[in-house]
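Asks: I need the structure of the sequence given here:
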Amino acid sequence: RKGASTNTMVATIDAALLRNEVEGFRGGMLGYTVFKRTYAAPLMQSSKNNDDVVTTESFQQCIQRLMNSELVQKHCALSESDHKLLRRFMLEQNCSLSGRYLQSLGLSTTSSTVDENKQKKNDDGFYPLSSCAFTAVSDPVQPFVYAARLSLHGAGVGYSVQRQYVDQLPEVQKVHPTREDDSPNADFVVPDSREGWIRFFELLLSTYFGRNPAASTAGAGECDQPFSYSLHLLKESGSAADIQGLERAVSNLASVLEPRAGKKARPIDCMDMMNIIAPAVVLGRTRRAALLAIGDADDVDFLRAKRWDLGNLPLWRSASNNSVACDDINNNKGLPEEFWEGYMGKGEAMGLINLNLFRSCGRVGETKYPDPKVQGVSACAEQGLNHEEVSCLAELMLPTFTSPEQLWEATRLMYTVCKCTYLLDGGAAASEQQLANSLKTARKNFRMGIGVTGYMEASEEQKSWLSANYEQLRAYDEIYAKDRGLAPSIKLTTVKPSGTLSILSGNTPGCHPGYSRYFIRRVRFNPDCAVLKKCRAMNLTVEAERGFDGKPTGRQVVEFPCQTPPHTQLAEQTSAIDQLEVVRRLQSEWSDSAVSVTVYYRLEELDDIRQWLAQHYNENIKACSFLLHCDHGFDQAPYEKISESDFLEMQSTRGLSTS
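Replies: Below you'll find the model as predicted:
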């Protein structure tokens, strides 16, 4: 939508052109479809019937946009040969900047692109390129505002609701929010902008926690604190979905906080608040808010937050992945038996975060690169972060390299772009003092995460290049930082889940094994996404997404039949212990931050997992999470194993190549 304008923007995709563009694309039709959905900027084409009809970028146009950006042209100061090499590496999908760069970088310097929201300034500032962020919930308002803002920019946000932080919050006030669209005296008129929504939630939370100076000064819980708001601007120029989404968030917040009036909020309450507010702010966007909640290992309410065997769960609980902070898995304050109940198929298995190891070393065994101020992790736990710190990411597609020299050249160029990203100003977002302070922390640490993906389909020779490549990168950082007058980077490398970028390049994600030789890959789309029409025309299965409660969420799910290259190590051939050993290896050879992994396991492996963790976790694993391999109970799971005959039938009926 475009504010109060009567025009609408209609994205179109020419089917024949799409097929031509897919030729040579490593990720095939699935990868290119996901690229078009997620990263391709719209291009103005013509006007018809009062509608702006647009097509979207090709992959080649997207890469050229990145190469033309202020960041690459000015701040990176690349030689002509390096400029050509960077362009070739990205076009041939040997490496990639993170999805945030693909989606945002260079839009302000590309006059032909169309901004999806005319009220939001397109700029090459730092925040639209940030992939990772973290906040500790030690304040009743600002952590939620911070997470909402970074989610709005597309960053994944980790947040801690450990007691050491949540116990600092004041008591909850008794509040009565009322919608008064026709009243000229409403306390807040909600603007038709996502920043306006964030300001609305900031005021609402301030009222709930006694921070709103306009509210009553009565004692906590003694009487209702009135708070009125108007949505008349949304009614004039917004959509019905916007209004319903905002109203639903207000109602959900009330259901969490009203029972706590006169009492302190609990960690589980703060988790619910975060999972309500951040997703509401990004409602209707291509990508949902990515959140990870960190709780205490002995917080029973937190441990039961996703135990669906105990009864119906609020839908918003699905907005975050949950992990517990555990530095010593063997002491008396380690993991209670309650923690392992989710691993029995009774709920979602929670992940583990070893903050002590994050703080004490880089790669395992190297103590000269400590990170003592780490308080939490990013949304996928690949990066340790300070409170309100952000970071940027890049990716190396390991199986695509033919020599260690080629791998190093790509690593060096990815490093250069990530390092120079911190030379950008904060853009329009930096006018908020909170984000300006966050940028100062980022520039102090110059933290980045250059990841590897496709590890389980790479050869042993390719894997053997990583350790020396890291050591060369560390030495190069010292020289480059000194030459440019910058601080060395506190962390340089990581292994991230790499779900979307690996789909684009057709690789197994991160260090995960291939799910199966033949499988269905389910991808989520907004209902107005232009790619959906093409998916239906190809006879791909398209159905409404179902939430935790079985009700439609408003999004669509498309099924793509897929096959894994024959030489790839598959999950069915890889025990949970094998996967943990891969994490252990990468944590010592490549990643000086963390190795983000979801370990597939079977119930009969649980005892072995517990024994392995007891022996190796404390000194070798910074973060890990687990997923029951088959009977995990997830409806419309991202992956589903199928037979070769099913795969061939699905391919033939959909007109897809079997290669």
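
Asks: So residue 499 is in contact with residue 509, correct?
Replies: Yes: using C-beta atoms under 8 Å, residue 499 is in contact with residue 509, at 5.3 Å. For the C-beta atoms, the positions are set from N, CA and C on the backbone; glycine is no exception.

Asks: More neighbours: the two, which one.
Replies: residue 509 (24 against 15; other C-beta atoms under 10 Å).

Asks: Is the closest residue in space to the more buried one that isn't next to it in sequence within a helix or a strand, and which one?
Replies: Closest residue to residue 509 apart from its sequence neighbours, by C-beta to C-beta, 6 or more residues apart in numbering: residue 502 at 4.1 Å. Using DSSP states H and E, residue 502 maps to helix 499-505.

Asks: Let me know the average pLDDT across stretch 597-615.
Replies: Averaged across stretch 597-615, pLDDT comes to 94.

Asks: er, stretch 334-342 actually
Replies: 90.

Asks: pull the CA atoms of it into PDB?
Replies: Taking Å, rounded to 0.1, in the frame of the first residue of the first chain, the C-alpha atoms of stretch 334-342 are listed here in PDB:
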ATOM      1  CA  GLY A 334      22.600 -27.800  35.700                       C
ATOM      2  CA  LEU A 335      19.700 -29.100  33.800                       C
ATOM      3  CA  PRO A 336      16.600 -30.500  35.800                       C
ATOM      4  CA  GLU A 337      14.700 -33.400  34.500                       C
ATOM      5  CA  GLU A 338      11.900 -31.000  33.500                       C
ATOM      6  CA  PHE A 339      14.200 -29.700  30.700                       C
ATOM      7  CA  TRP A 340      14.300 -33.100  29.000                       C
ATOM      8  CA  GLU A 341      10.600 -33.600  28.900                       C
ATOM      9  CA  GLY A 342      10.300 -31.600  25.700                       C
END
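
Asks: Buried residues in it, which are they?
Replies: 334-335, 339-342 (16 or more other C-beta atoms under 10 Å).

Asks: Nearest to residue 281 among those residues?
Replies: residue 342 (28.5 Å; C-beta to C-beta).

Asks: OK, contacts around that closest one?
Replies: 303, 306-307, 348-350 (C-beta atoms under 8 Å, 6 or more residues apart in numbering).

Asks: secondary structure class for it?
Replies: Under DSSP: H, G, I helix; E, B strand; the rest coil, the three-state class of residue 342 is helix.

Asks: Give me the phi and psi angles of residue 335.
Replies: Backbone torsions for residue 335, taken as degrees, to the nearest 10, come to phi -100, psi 120.

Asks: how near is residue 262 to residue 161?
Replies: Shown here: residue 262 relative to residue 161, a distance of 21 Å by C-beta to C-beta, to the nearest Å.

Asks: Just give me the residue right at the centre of the chain.
Replies: residue 156 (3.7 Å; C-alpha atoms, centre = their mean).

Asks: Is that residue bridged to anything, and to what?
Replies: residue 132 (DSSP bridges).

Asks: what about residue 441, distance to residue 212?
Replies: Distance from residue 441 to residue 212, by C-beta to C-beta: 28 Å.

Asks: between those two, who's got more neighbours?
Replies: The neighbour count for residue 441 versus residue 212, taken as other C-beta under 10 Å, is higher for residue 212 (21 against 16).

Asks: Just the element for the spatially closest residue to the more buried one that is not a sequence neighbour, please.
Replies: Of all residues not flanking residue 212 in the chain, residue 206 sits nearest, at 4.2 Å (C-beta to C-beta, 6+ apart). Using DSSP H and E, residue 206 sits within helix 194-208.

Asks: which secondary structure elements does that helix contact?
Replies: Counting contacts by 3 or more C-beta pairs under 8 Å, 6 or more residues apart in numbering; DSSP states H and E, helix 194-208 packs against helix 142-152, strand 175-179, strand 188-189, strand 225-230, helix 240-257, helix 267-281.

Asks: helices or strands up against the longest one?
Replies: It stands for helix 240-257. strand 175-179, helix 194-208, helix 232-237, helix 267-281.

Asks: do you know which of these lies nearest residue 245?
Replies: Nearest to residue 245, of the helices and strands packed on helix 240-257 and by C-beta to C-beta, is helix 267-281 at 5.8 Å.

Asks: And for the helix or strand immediately after that closest one in the chain, what's in contact with it?
Replies: Counting by DSSP H and E, the element after helix 267-281 in chain order, helix or strand, is strand 291-296. The contact list for strand 291-296 (C-beta under 8 Å, 6+ apart) reads 147, 151, 156-163, 267, 271, 274-275, 278-279, 302-303, 305, 319-325, 351, 353, 376-381.

Asks: quick one: strands adjacent to strand 291-296?
Replies: strand 156-160 (parallel), strand 320-325 (parallel).

Asks: picking that back up, isn't the residue nearest to residue 509 right up against residue 515?
Replies: No: here residue 502 does not reach residue 515: they are 11.8 Å apart, not a contact under C-beta under 8 Å.

Asks: list the residues that contact both of those two?
Replies: What both residue 502 and residue 515 touch, as defined by C-beta under 8 Å, 6+ apart, is an empty set.

Asks: Buried among the contacts of strand 291-296? Need that as a selection in PyMOL.
Replies: In PyMOL, a selection of the buried entries from the contacts of strand 291-296 looks like this (16+ other C-beta under 10 Å):
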select buried, resi 147+151+156+157+158+159+160+161+162+267+271+274+275+278+279+302+303+305+319+320+321+322+323+324+325+351+353+376+377+378+379+380+381
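
Asks: Quick one: distance of the strand or helix carrying residue 66 to the chain centre.
Replies: Using DSSP H and E, residue 66 sits within helix 59-67. Relative to its parent chain, helix 59-67 has a centroid offset of 22 Å by C-alpha atoms, centre = their mean, to the nearest Å.

Asks: Give the next helix or strand downstream of it.
Replies: helix 70.

Asks: now that following helix: how far from the chain's centre is it?
Replies: On C-alpha atoms, centre = their mean, the centre of helix 70 falls 25 Å from the chain's centre.

Asks: okay, the one helix or strand residue 607 maps to in CSV with CA atoms only?
Replies: Per DSSP H and E, residue 607 falls inside helix 606-620. What follows is helix 606-620, C-alpha atoms only, in CSV (Å, rounded to 0.1, in the frame of the first residue of the first chain):
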residue,chain,number,x,y,z
LEU,A,606,18.5,-39.4,24.0
ASP,A,607,20.6,-41.2,26.5
ASP,A,608,23.7,-41.0,24.3
ILE,A,609,23.1,-37.3,23.8
ARG,A,610,22.9,-36.7,27.5
GLN,A,611,26.1,-38.7,28.1
TRP,A,612,28.0,-36.9,25.3
LEU,A,613,26.9,-33.5,26.6
ALA,A,614,27.9,-34.4,30.1
GLN,A,615,31.4,-35.1,28.8
HIS,A,616,31.9,-32.4,26.1
TYR,A,617,29.4,-29.6,26.5
ASN,A,618,31.1,-27.3,29.0
GLU,A,619,34.4,-26.9,27.1
ASN,A,620,33.3,-27.4,23.5
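
Asks: All set, thanks.
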